[in-house]
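Q: My questions are about this predicted structure, shown below with the sequence.
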Amino acid sequence: MKLVVVGGVAGGASAAARVRRLDAKAEIVMFEKGEHVSFSNCCLPYHLSETVENSESLVLMNPTKFKKSHNIIARTNSEVIAINRDRKTVTVKDLVNQETYEESYDKLVLATGANPILPKNITGIDKEHVFTLRNVTDVRMIKDYVDQEGIDNIAVIGGGFIGVEVAENLKKAGKHVSLIEGAEQIMAPFDYDMVQILHKEMLDNGVALEVNTTLKAIEDDSITVVKNGVEKSIKADVVIMAIGVMPETTLAKQANLAIGETKGIKVNQHYQTSDPDIYAVGDAVEIFNALTHKVGRLALAGPAQRQAHAAADHMYGIPHNNKGFIGSSCIRLFNQNAATTGLSEKSAKANGYSYDSVLIFPTDKVGLMPGSNYMAFKLIFEVPTGRILGAQAIGKGNVDKRIDVIATMITMHGTLEDLKELELCYSPVFGTAKDVVNMAAFVGLNVLYGRMKQVHVNEVRGLVESKAYIVDVREEKEFANGHLNGAYNIPLSQLEERMHEIPKDVPVYLHCRSSQRSYYAICRLQGNGYHNVTNISGSYLGISLYEYFNDVIENRTPILDKYNFK
């Protein structure tokens, strides 16, 4: 068999390597339009801060190594400009000598990736100091430019994974960085209540964050943005566009291959296109979402490699059980780690799920251990089944470990009951005896089975403004260091003797630092005939983080007398 692969990064290189493992005699030719194959796409932003010091180390393999190690012919600077399905060839343009030729194939894999979006209606979008980041060549150009004397102010447009990582690394490189995001938040896979932690982390580390803000024009040393109909000028010696990507489907369209409803290449469960001899994988394809039961796109390296593996297997009659994707990802932002999997609350709502969520702030390891910190953990589950739909975690500890557990539970169709009983490793230096994920399951079951009523952090402002009866059960010193306006302080340690102060004829909302002590208080109140008590999910930490960004950036009237994030 002769395999031709278009695209030499995650998906393409994986497909070629898998075919070689399956067939020692196959002829494999891989074409890459750029000057490098098999580079570490996800590590590119970290060269800007010299976390990855040498750009050469971003290149994992070169054509010589591919040939010697795997007997794969890899041709760089070679653009496939046409697929000739009638004679099973591709037309290739050598970008060095500008010559074209045809290469035959028995099977063809398209791993053409995605292209950064560059809106044509933005004045100055084609200026020389405007960059995108897709490959090693791009990151070298950016670094060479920003390292010039006098280049101090950087505007990053877009708050997704690439934009956030670029902003972080340029800030670490000593630049003045502005991050411009058109939506109300950065990092769209996270819910608004969770992402406030990342917003605060940006601000705490000196990144000028502008949300609900769109780019209008790019000048030589500044940009013009619009927020709430008002124009504003921001200094910018360099502009990096990271507002999203679109699948590269030019070849597929020219070859009359089917394109899906999300504008990615349409493939079946084996990643075959509408031509059974042509496969497509990676950022360019449209795939099945296991939770929404709809098609979607996923620009992540891990899924691209698994798709490539499955496509190669199918060429040799090896079965593949395509379960679709759930969307698991993680990121580090300065001192905070963040991870997410499955559906967010907003996506569960958009897809018609009956759901609820819990937000907890447990410690990531035993509190006596050095380096113990709180971890914000949000768990989304279906009502009334308790099936786990998604989770998000942010903290200084091992959030990826917790989200990997939830990703496994989702894949195995796990429920809150399953998660409650899940036996995990324990040592004080790694976690707690009842791990973060087990704790979330217990809280979720209390809500699901009606043992506890709750309100979410986004509802607290309305409670304060309506002068609802709110009881803070933290100790007096904690209360003095910051509290909700109008809240009554009845510490848990004084609850027995002061219970009579809490009314039974109006709704009462309780909170503490992380919702644990307030839950204990609710249990004791319910045992004493109170049926009007509700826990505030996330409690003081969640409220503080949620409201901080609104107060500082959006200039809303504060509902806390002062902030304390400890």
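A: Looks like it came in fine. Numbers count the residues shown, from 1 in each chain.
Q: and the residue nearest to residue 53 when sequence neighbours are not counted, what is it in contact with?
A: Leaving out its chain neighbours, the residue that sits closest to residue 53 by Cβ to Cβ, 6 or more residues apart in numbering is residue 47, at 7.8 Å. Any C-beta I mention is one placed from the backbone N, CA and C, and that applies to glycine too. Residues counted as contacts of residue 47 (Cβ atoms under 8 Å, 6 or more residues apart in numbering) are 53, 55, 58, 139-140, 143, 169.
Q: From residue 312, how far out is residue 47?
A: When distances are taken as Cβ to Cβ, to the nearest Å, residue 47 and residue 312 turn out to be 31 Å apart.
Q: same deal with residue 468?
A: For residue 468, the distance to residue 312 under the criterion Cβ to Cβ works out to 60 Å.
Q: Which stretches in the stretch 401-550 of the chain count as helices?
A: Assigned by DSSP state H, counting those that start in this stretch, the helices in the stretch 401-550 of the chain fall at 416-420, 436-448, 460-465, 476-480, 495-498, 516-526, 539-552.
Q: Next, the closest residue to residue 122 other than its chain neighbours: phi, psi?
A: Beyond its immediate neighbours in the sequence, the residue positioned closest to residue 122 (Cβ to Cβ, 6+ apart) is residue 215, lying 5.7 Å away. Geometry field for residue 215 lists phi and psi as phi -80, psi 130, criterion degrees, to the nearest 10.
Q: go on, residue 140?
A: In this entry, residue 140 is assigned phi and psi values of phi -70, psi -40 (degrees, to the nearest 10).
Q: Could I get the contacting residues of the residue nearest to residue 122?
A: Applying Cβ under 8 Å, 6+ apart, we find residue 215 in contact with 122, 157, 180, 223-225.
Q: Looking at these, which one is closest to residue 496?
A: Each of the contacts of residue 215 was checked against residue 496 using Cβ to Cβ; the closest is residue 180, at 53.6 Å.
Q: now do the same end-to-end measure for stretch 83-90.
A: End-to-end distance of stretch 83-90 (Cα to Cα, to the nearest Å): 4 Å.
Q: Let me see the mean pLDDT of it.
A: Per-residue pLDDT over stretch 83-90 has a mean of 98.
Q: Using neighbour counts, trim the contacts of residue 47 to the buried set.
A: By neighbour count, with 16 or more other Cβ atoms under 10 Å, the contacts of residue 47 hold 55, 58, 139, 143, 169 as buried.
Q: residue contacts, residue 132?
A: Taking Cβ under 8 Å, 6+ apart as the test, what residue 132 contacts is 116, 118, 138, 240-242.
Q: gap between it and residue 121?
A: Here residue 132 is placed at a distance of 17 Å from residue 121 (Cβ to Cβ).
Q: can you check residue 440 too?
A: From residue 440 across to residue 121, the span is 44 Å (Cβ to Cβ).
Q: related to what we said a few turns ago, looking at the contacts of residue 215, which is nearest residue 433?
A: For residue 433, the closest of the contacts of residue 215 turns out to be residue 180, at 44.7 Å, with distances computed as Cβ to Cβ.
Q: and the contacts of residue 47, which of them are in helices?
A: Residues from the contacts of residue 47 lying in helices, with DSSP state H as the criterion: 139-140, 143, 169.
Q: Pull the most distant pair out of those.
A: Based on Cβ to Cβ, the longest span within the ones in helices among the contacts of residue 47 runs between 140 and 169 and measures 14.2 Å.
Q: So how do I select the buried members of the contacts of residue 132 in ChimeraX?
A: Restricted to buried positions by 16+ other Cβ under 10 Å, the ChimeraX selection for the contacts of residue 132 reads:
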select :116,138,240,241,242
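Q: Report pLDDT for residue 55.
A: The predicted local confidence for residue 55 comes out at a pLDDT of 89.
Q: Check the one 3 residues further on too.
A: Looking at residue 58, its pLDDT reads 90.
Q: Check the one 4 residues further on too.
A: Listed pLDDT for residue 62 reads 89.
Q: which one is it nearest to, not counting chain neighbours?
A: Leaving out its chain neighbours, the residue that sits closest to residue 62 by Cβ to Cβ, 6+ apart is residue 37, at 7.0 Å.
Q: who does the one you found bridge with?
A: When bridges are assigned using DSSP bridges, the partners listed for residue 37 are residue 61.
Q: can you pull the contacts of it?
A: With contact taken as Cβ under 8 Å, 6+ apart, residue 37 is in contact with 8-9, 12-13, 30, 61-63, 66, 74, 76.
Q: One more: residue 353?
A: Each residue near residue 353 by Cβ under 8 Å, 6+ apart is listed here: 343, 382, 389.
Q: and whichever helix or strand the last one is part of, average pLDDT?
A: Using DSSP states H and E, residue 389 sits within strand 388-395. Mean per-residue pLDDT for strand 388-395: 98.
Q: where along the stretch 1-150 of the chain do the helices fall?
A: With DSSP H, counting those that start in this stretch applied, the stretch 1-150 of the chain shows helices at 10-22, 63-70, 136-146, listed in chain order.
Q: Need the residues that contact stretch 200-213.
A: In this structure, residues lying in contact with stretch 200-213 by Cβ under 8 Å, 6+ apart are 159, 167-168, 171, 176-186, 199, 225-228, 232, 234, 333-336, 545, 548-549, 552-553, 565.
Q: For this protein, which residues score under the pLDDT cut-off?
A: For the chain, the stretches flagged by pLDDT under 70 are 552-554.
Q: Please identify the helix or strand for residue 323.
A: Residue 323 is part of no helix or strand, with elements assigned from DSSP H and E.
Q: you'd agree it is up against residue 290?
A: Yes. Shown here, residue 323 and residue 290 form a contact pair, counting by Cβ atoms under 8 Å, at 5.7 Å.
Q: residues in contact with residue 181?
A: If a contact means Cβ under 8 Å, 6+ apart, then residue 181 has 158-159, 163, 209-213 as its contacts.
Q: and the gap between it and residue 515?
A: For residue 181, the distance to residue 515 under the criterion Cβ to Cβ works out to 30 Å.
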